[in-house]
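**Student:** Mind looking at a prediction? Sequence and model below.
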Amino acid sequence: MKVIVRPQNENLKRVNEIYQVLKKNDFGYLIEENTFFKKFPFLRNRKIEKEEGLADESIPIRIRKVFEELGPAYIKLGQMLSTRPDLVGTELAEELQSLRDNTPVTPFNEIKEIIEKELGKPIDEIFSEIDENPIGSASIGQVYKAKLKSNGADVAVKVQKPNSYEIVKSDVEIMKFLAVRIDRFIHQTRTLNLPAVVKEFERSIFKELNYLEEVMNMQNLSKNFKNVSYIRIPKPYTEYCTYQIVTMELIKGVEVTKLINRDYPDIDKKKIANYGLKSYFKQIMTDGFFHADPHPGNLIVTEDNKLCYIDLGMMGVLNEDFKEDLAELILLLIGKNTNDIIKQLLYMNIITPAQNTEDLRADIDDLLTRYYGAELRNMDGVIEDLLNVMVKNNITLPREFVMIGRGIALIEDTGKKLDPTFNAATELRKLSREIVVNKYKPGRLARVSLNYLLQLEHLAKDLPDTINNTLAKIEEGDIELNLKHEGLSELANQLSVSLIISALILGSSLALLSDVGPTLFEIPILGLVGFVFSAILGGYLVIEYMLERD
């Protein structure tokens, strides 16, 4: 894949590149429905059957290929969507997970320029050694093994690829432009809420592009685990960290991915599975600050048999109320009561009253029946199953809730591969009970009650002014009512063309009657041209109307 630097005035060229990639993978209509192609059907894309294998490929595979060909921003978007089966469906989410393994490597001489520019020194004054072959490559960054010249420490240096920010910024602007128009004109995509998806992606990608965020994440996570002896978090060397570079201690050990596939005499797999379980549940249920993607490739068993979390660019954050509500939901799931689960989902604003359908209740009943009579140790996966039930019922879930469900599912899957007797549900219930009990402790109740009293006091103070202001606006006629009109843009375009045609016919008639200017067959040319042009526009309107009715 060739990376091209694009200034702002080349965005149109990039739109054309996107169109060509979409067309190649038989998605050209996504552009055609939102441009002048819509007005000229004979220019539209036709299904591409001639490319060998394309016609037989599933839609998820072709979407994944589109993301791969379009570069870093789209690879990141695909990776984000792979964690949102509630938005894109389980099949597409699973296919997009393979994007993690398809990233190009940038030559070291380009990386070297960035290191020297960011740190303000020649590279040999910073590192006494640096391996020019990356030990890891992602869509926007590469990681190198090096040794600091100042203290001889072995470090991992994560460097952002050249022009990543400019490329991502340009592509995000185009994504926003297309998302609004696709959502407006293609009704089938409205359930996806593409503008909201792109907005969430924009927020997350620019946070990830700022490597100083990862430095802060390492420091915060390290602080949360300072009293936990079996967990290790890489130490950042902040004097060698910038917006585009993270220099951290090099963690030596065995990647959990390798540990799953083979035995290591010095490593107790059961202990490691338990470390992963306890540490991840602590992040979610106690700290409210958790790793967004704890797959086995982001977990390393150190040489002293500790578990280390790496790749801390994206973290999830939960407030105190959400943690407590989640703990109650988990206990209700384990208690297997459909009505209470529905009430809790409504209370947490995960579902709306309109989504509280008989189908949803029946699916949750089926889910609980599957676990009925099962011992607690056999209830692993119940949260992931609940997420799948809501995906099946077309419920768009809060981002954090999906991240939690996916994270717990990854930890459970990894734990079972390491230890067949692995039991996550018992630990989850234990932590949930602790949180719920703490929620009703006198000290917390007193603190919460005080907050509520302060809010009531503020409400009581502000209410008279609010009522007076509202009444004054009603008396003065200043109350505005905003109405949202949908589907009027096409009608407005047609009315505009009709008015132009009417004006042309009227003007042409006057030109004929005036009998001035050059003539053709004794007919004023100006009036004749006006009538011909009016006939063409009128024919165009009729054809467009007939095509839309079809």
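**Tutor:** Good, I have the coordinates. Residues are numbered from 1 along each chain as shown.
**Student:** Make sure Q79 is actually in contact with L99.
**Tutor:** Yes - counting by Cβ atoms under 8 Å, L99 is a contact partner of Q79 at 5.4 Å. Where C-beta positions appear, they are placed from N, C-alpha and C, glycine not excepted.
**Student:** what do those two both touch?
**Tutor:** S139 (Cβ atoms under 8 Å, 6 or more residues apart in numbering).
**Student:** And the strands in the stretch 101-250 of the chain?
**Tutor:** 127-130, 136-137, 141-148, 154-160, 231-232, 245-249 (DSSP state E, counting those that start in this stretch).
**Student:** got JSON lines for those, with mean neighbour count, mean pLDDT and distance to L312 too?
**Tutor:** Formatted as JSON lines, the strands of the stretch 101-250 of the chain follow (neighbours: other Cβ atoms under 10 Å; pLDDT from 0 to 100; distance: least, Cβ to Cβ, whole Å):
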{"stretch": "strand 127-130", "mean neighbour count": "16", "mean pLDDT": "95", "distance to L312": "22"}
{"stretch": "strand 136-137", "mean neighbour count": "14", "mean pLDDT": "85", "distance to L312": "14"}
{"stretch": "strand 141-148", "mean neighbour count": "21", "mean pLDDT": "94", "distance to L312": "13"}
{"stretch": "strand 154-160", "mean neighbour count": "22", "mean pLDDT": "96", "distance to L312": "10"}
{"stretch": "strand 231-232", "mean neighbour count": "22", "mean pLDDT": "96", "distance to L312": "12"}
{"stretch": "strand 245-249", "mean neighbour count": "24", "mean pLDDT": "96", "distance to L312": "9"}
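**Student:** Let me have those strands in JSON lines, adding distance to E208 as columns.
**Tutor:** What follows is these, written out as JSON lines (distance: least, Cβ to Cβ, whole Å):
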{"stretch": "strand 127-130", "distance to E208": "24"}
{"stretch": "strand 136-137", "distance to E208": "15"}
{"stretch": "strand 141-148", "distance to E208": "9"}
{"stretch": "strand 154-160", "distance to E208": "10"}
{"stretch": "strand 231-232", "distance to E208": "23"}
{"stretch": "strand 245-249", "distance to E208": "12"}
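**Student:** right, so of those strands, which gets closest to E255?
**Tutor:** Proximity to E255 (Cβ to Cβ) singles out strand 136-137 among the strands of the stretch 101-250 of the chain, at 10.6 Å.
**Student:** ok, that closest one: who's next to it in the sheet?
**Tutor:** strand 141-148 (antiparallel) (DSSP bridges).
**Student:** which outside residues touch the strand it pairs with?
**Tutor:** 105-106, 111, 126-137, 153-161, 164, 211, 237, 240, 247, 250.
**Student:** related to what we said a few turns ago, figure out which of the strands of the stretch 101-250 of the chain is closest to A409.
**Tutor:** strand 231-232 (20.5 Å).
**Student:** Against which helices or strands is the closest one packed?
**Tutor:** Taking 3 or more Cβ pairs under 8 Å, 6 or more residues apart in numbering; DSSP states H and E as contact, the helices and strands that strand 231-232 lies on are strand 307-309.
**Student:** Could you identify the helix or strand that succeeds the host helix or strand of D359?
**Tutor:** In the assignment (DSSP states H and E), D359 maps to helix 358-371. On the C-terminal side of helix 358-371, the closest following helix or strand by DSSP H and E is helix 382-392.
**Student:** Starting from that next one, tell me the next helix or strand along the chain.
**Tutor:** Helix 382-392 is succeeded, C-terminally, by helix 399-418 (DSSP H and E).
**Student:** quick check: mean pLDDT across stretch 420-438?
**Tutor:** Mean per-residue pLDDT for stretch 420-438: 76.
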